[in-house]
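give me the fold of what follows.
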Amino acid sequence: MYQQGRTRHQILESIYGVEFPTETVLILRDFVSGEKPLGVSWRIHPWELMVRPEDRDPEMDLGPIQCEEEIRIYAEAPNVVLVARLDYHGVDLGSSLIGYDLDELRVGRSTVIGLKGVPRLPRAPFKFTFTVFGPSVLDVVHELVSNYLADTRRRAEHDPHEDPEPIERQLARVVALQRELAGEIDG
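Residues are numbered from 1 along each chain as shown. Coordinates of the predicted model:
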């Protein structure tokens, strides 16, 4: 499709039947393809589709475990597009899978739904119960990193080995993306 001149948005829309929110392009640029400063695994199908073949990093390829998880989730919840596995253990939503609800995307909302507290999916039979996590991936990640930072700061009061500065930098990157997105929407 890229060789035929299609854009990322056109490819995603042809496969999923819906346009993805602008935040996905920013997340791809800064977190998926960029420095990856967040405790989030982005190795999920839409990101693979958004990276042109000539720009693909071999480490980005989905492994058998991720493929099996996605196949199982899409078979049971075909209206969900997974976008990340969160790796901020110890805080609410910290070990969850998140994605977009295609019905929400169709009406112009970037609502994030997820499977809460799932370090690895159990074997079948298993019923997936997705719940709403927030209005967008950036909003969910902002809340998650803020909570993790608060937790890290509390631990740092009693443990000199805890350093909140890397988490502060992560939060600053998320806030910068939110501002960039807001500027695009406002401007």
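
what about the closest residue in space to His45 that isn't next to it in sequence, neighbour count?
Leaving aside its sequence neighbours, His45 sits nearest to Glu70 (C-beta to C-beta, 6 or more residues apart in numbering; 5.9 Å). Quick note: C-beta positions are derived from backbone N, CA and C, even for glycine. Counted with other C-beta atoms under 10 Å, residues neighbouring Glu70 total 20.

after the helix or strand where Glu70 lies, which helix or strand is next?
Secondary structure from DSSP states H and E places Glu70 in helix 64-76. Note on helix 64-76: by DSSP H and E, the next helix or strand toward the C-terminus is strand 80-86.

and the contacts of that next one?
Residues from elsewhere that reach strand 80-86, judged by C-beta atoms under 8 Å, 6 or more residues apart in numbering: 16, 24, 27, 39-42, 44-47, 70, 73-74, 93-102, 105, 112-113, 130, 137, 141, 144.

what angle do it and helix 64-76 make?
Orientation check (axes from the mean of the first three to the mean of the last three C-alpha atoms, to 10 degrees): strand 80-86 against helix 64-76 gives 140 degrees.

where does the chain have low pLDDT?
By pLDDT under 70, the low-scoring segments of the chain are 34, 57-66, 118-127, 184-187.

can you do 90?
Judged against pLDDT under 90, the low-scoring parts of the chain cover residues 1-3, 7-12, 15, 25, 28-79, 82, 85-97, 115-130, 160, 183-187.

which residue ranges of it form helices?
Counting by DSSP state H, the segments of the chain that form helices are 8-16, 23-27, 45-50, 64-76, 102-106, 137-156, 165-186.

who wins for proximity to Asp87 among those helices?
Nearest of the helices of the chain to Asp87, taken as C-beta to C-beta: helix 137-156 at 10.0 Å.

who are the packing partners of the closest one?
In terms of contacts (3 or more C-beta pairs under 8 Å, 6 or more residues apart in numbering; DSSP states H and E), helix 137-156 is packed against helix 23-27, strand 80-86, strand 97-101, strand 112-115, strand 131-134, helix 165-186.

let me have the helices of the chain in CSV, adding distance to Gly117 as columns.
Output for these, formatted as CSV (distance: least, C-beta to C-beta, whole Å):
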stretch, distance to Gly117
helix 8-16, 26
helix 23-27, 22
helix 45-50, 22
helix 64-76, 15
helix 102-106, 22
helix 137-156, 13
helix 165-186, 20
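
any idea which of the ones you listed is most buried?
Stretch with highest mean neighbour count among the helices of the chain: helix 23-27 (a mean of 21; mean count of other C-beta atoms under 10 Å).
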